[in-house]
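A.B. asks: pasted the sequence and its predicted model underneath.
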Amino acid sequence: MNAALAPPPSAPTPSETPTHYLNASYGFRSWLLTLDHKRIALLYLASITLFFFIGGFYAVLVRLELVTPAGDLMSAENYNTAFTLHGVVMIFFFLIPSIPAVLGNFLIPIMIGARDLAFPKLNLLSWYIYMVGGMVAAYALFTGGVDTGWTLYAPYSSTYSNSNVTATAIAAFITGFSSILTGLNFVVTIHKMRAPGLTWFRLPLFVWAHYATSVIQVLGTPVLAITLVLLILERSFGFGFFDPARGGDPVLFQHLFWFYSHPAVYIMILPSMGVISELVTCFSRKKVFGYGFIAMSSVAIAVLGFLVWGHHMFVSGQSVYAGMVFSILSFMVGIPSAIKVFNWTATMYKGSISYSTPMIYAFGFIGLFTIGGLTGLFLANLGLDIHLHDTYFVVAHFHYIMVGGAVMGYLGGIHYWWPKMTGRLYPEGWARFSALVLFVGFNLTFFPQFLLGYMGMPRRYHAYPEEFQVLNVMSSAGASILGVGYLIPMIYLFWSMRYGRLAPENPWGAKGLEWTTPSPPTTFNFDETPVVTEEAYEYVKEEKH
Amino acid sequence: MSGHVTSKKIYFAVFGALMILTAITVGVATLDLGQLNTVVALAVAGCKATVVIWYFMEVRHARPLTKLTVVGGILWLVIMLILLFTDYISRDWMAGPQAW
């Protein structure tokens, strides 16, 4: 069913307005001390949106600087600071918490028929930890910033940089605990709080994706924390972990950093894949093709994702033999990713597809993620990587994964569950338009960067030879379209919270326990514990008349 | 896990074991055993972690799922160390500029 075509429910009078989680209580206190997973999800939504626009501001600075070949808008040092802050803010404070902390927090308890997460106080604590980490990052940002790149490579970060490395490392360290607690909460909740009849292989694929993500968060994030502690110790007290002059090894920092930070890519993309599984099956009106394969491919990605980190280090001085091992393992991670893409495509085959906004985002995801994934295979190739390493090809590749994949999935999910979260429908026409603007803007921004990188333009320089200008202007023009594409949903989603038409319980005719609750749900989600009696996605294809 | 009360004697024994193992770590650090220094240091650290997890964290009384979670954590550490050492062991196998 199309949200725009849904019959307009008559507005209830104040006396008959049902009680739900949004109007159950009012005031700052009721929000800042809430233990309701849905309210905590909205706290995260507001916070990560703020950080998204801060990170976006620095992206604007970068793209403006690169309109002309000369470094005329910013000094090289300020440019270093701008792209570093863009990366730090977008990765640690937007992408990593985006889908798990907002959509996962809101939906996982409802999808499994529970009243809340297993540890509601821990859930609220994780938001506060995130905010404390965010404030430390803001301090680092407003007192000069940091210029090391988001990767904080030693020994530049530990010995030579004069910027706010310590504060930035502390910010990432703190916010990592927020991620660990969210993952821990999800693992325990999914294990222990499923409704009667909801067996593991009846779980929505969104839940499977979050389970796999949580395993990465719990097992990987502590390694980043330790690495950052070692970095701070070396920078502050002169320990020699990574400094060759003191017997250390800078490549060790890269090993430890990427042991977390490569799986962190899967923290960003796996939840998005979970969203796409929901969207594709709902808007194709078909049972998902190969449920077990999609579920297990999430787990396989989580496991294999931990074995491939050395592909970031082929030209770092890492052993060539280790590089061979990492190269082969990196190719292997393409298999479960491809299983997902093929199964989504097979799900759509002969489906009754509707082109609602969430499905447009799903189409965008599948196309862009495929390009991002396949170009990742270029970079996993030992020989080709020598040419492409540290060029704009890499920048384009990971933006196709993180923006084309993760952000498209996030926006698709936000639109799909917006009626459930707010009880209001958004304007479908504007939503479709902005999804298309985003798709065009994204490709115009990042596709030229593949060409630039292949032609040899290195990343992280504020000036470049003149022959690269045309493609850079195209990229910056695309970024301005992309910016408009992000602003339009901001405006209409805000607008819809007050003026949007009231949403029925199940505006999409979708399957899943969340669509059996009122829109918005009550504080404890269900009046009675639901009993699950059917498999996931038991859609019946609509007959065409 | 609940229902098991650990005696003080066990906690003191754990403390004693950790102190002895720490003394071994410090002592071995003063000897030049070549590459064995790292092996011994990691072996001692592994023993310490086992004692803490098994007795202090009471995993010996835990349910199978908790034990599986612990095994998962250890497995991930082993993955990290094995792939890390793949680099360090083979870095000098190929003739070329001296690595770090």
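C.D. replies: Arrived safely, thanks for sending.

A.B. asks: so what's residue A:153 up against?
C.D. replies: Residue A:153 makes contacts with A:250, A:253, A:254, A:257, as judged by CB atoms under 8 Å, 6 or more residues apart in numbering or on different chains. All C-beta atoms are positioned from the backbone trio N, CA, C, and that covers glycine.

A.B. asks: buried among those residues? Make that a PyMOL selection.
C.D. replies: The buried subset of the contacts of residue A:153, as determined by 16 or more other CB atoms under 10 Å in any protein chain shown, is captured in PyMOL by this line:
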select buried, chain A and resi 250+253+254+257
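
A.B. asks: mind putting the contacts of residue A:153 in JSON lines, pLDDT and distance to residue A:518 included?
C.D. replies: JSON lines is the format used below for the contacts of residue A:153 (pLDDT from 0 to 100; distance: CB to CB, whole Å):
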{"residue": "A:250", "pLDDT": "95", "distance to residue A:518": "56"}
{"residue": "A:253", "pLDDT": "97", "distance to residue A:518": "51"}
{"residue": "A:254", "pLDDT": "97", "distance to residue A:518": "50"}
{"residue": "A:257", "pLDDT": "97", "distance to residue A:518": "46"}
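
A.B. asks: mind giving me a markdown table with the contacts of residue A:153 and columns for secondary structure?
C.D. replies: As requested, those are arranged in a markdown table below (DSSP: H, G, I helix; E, B strand; the rest coil):
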| residue | secondary structure |
| --- | --- |
| A:250 | helix |
| A:253 | helix |
| A:254 | helix |
| A:257 | helix |
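
A.B. asks: near chain B too, which of the contacts of residue A:153?
C.D. replies: By CB under 8 Å from any CB of the partner chain, the members of the contacts of residue A:153 lying near chain B are residue A:250.

A.B. asks: show me which helix runs longest in chain B.
C.D. replies: In chain B, taking DSSP state H as the definition, the longest helix is helix B:64-90.

A.B. asks: does that helix come close to chain A?
C.D. replies: Yes. Residues of helix B:64-90 contacting chain A under CB under 8 Å from any CB: B:65, B:72-73, B:76, B:79-80, B:83-84, B:86-90.

A.B. asks: what subset of these is buried?
C.D. replies: Buried members of those, scored by 16+ other CB under 10 Å, are B:76, B:80, B:83, B:84, B:86, B:87, B:88, B:90.

A.B. asks: and which of those residues is nearest to residue A:332?
C.D. replies: When these are compared for distance to residue A:332 (CB to CB), residue B:83 wins out at 13.7 Å.

A.B. asks: quick one: contacts for that closest one?
C.D. replies: Applying CB under 8 Å, 6+ apart to residue B:83 gives the contacts A:307, A:309, A:310, A:322, A:325, A:326.

A.B. asks: right, and the helix or strand after the host helix or strand of residue A:415?
C.D. replies: Using DSSP states H and E, residue A:415 falls within helix A:408-422. Next along the chain after helix A:408-422, taking DSSP H and E as the criterion, comes helix A:428-455.

A.B. asks: and chain A, which residues reach chain B?
C.D. replies: A:191, A:215, A:219-220, A:223, A:244, A:249-251, A:255, A:259, A:306-307, A:309-310, A:317-322, A:325-326.

A.B. asks: buried residues in the helix holding residue A:415, which are they?
C.D. replies: For helix A:408-422, a neighbour-count test (16+ other CB under 10 Å) marks A:408-422 as buried.

A.B. asks: give me the pLDDT for residue B:38.
C.D. replies: Here, the pLDDT recorded for residue B:38 equals 87.
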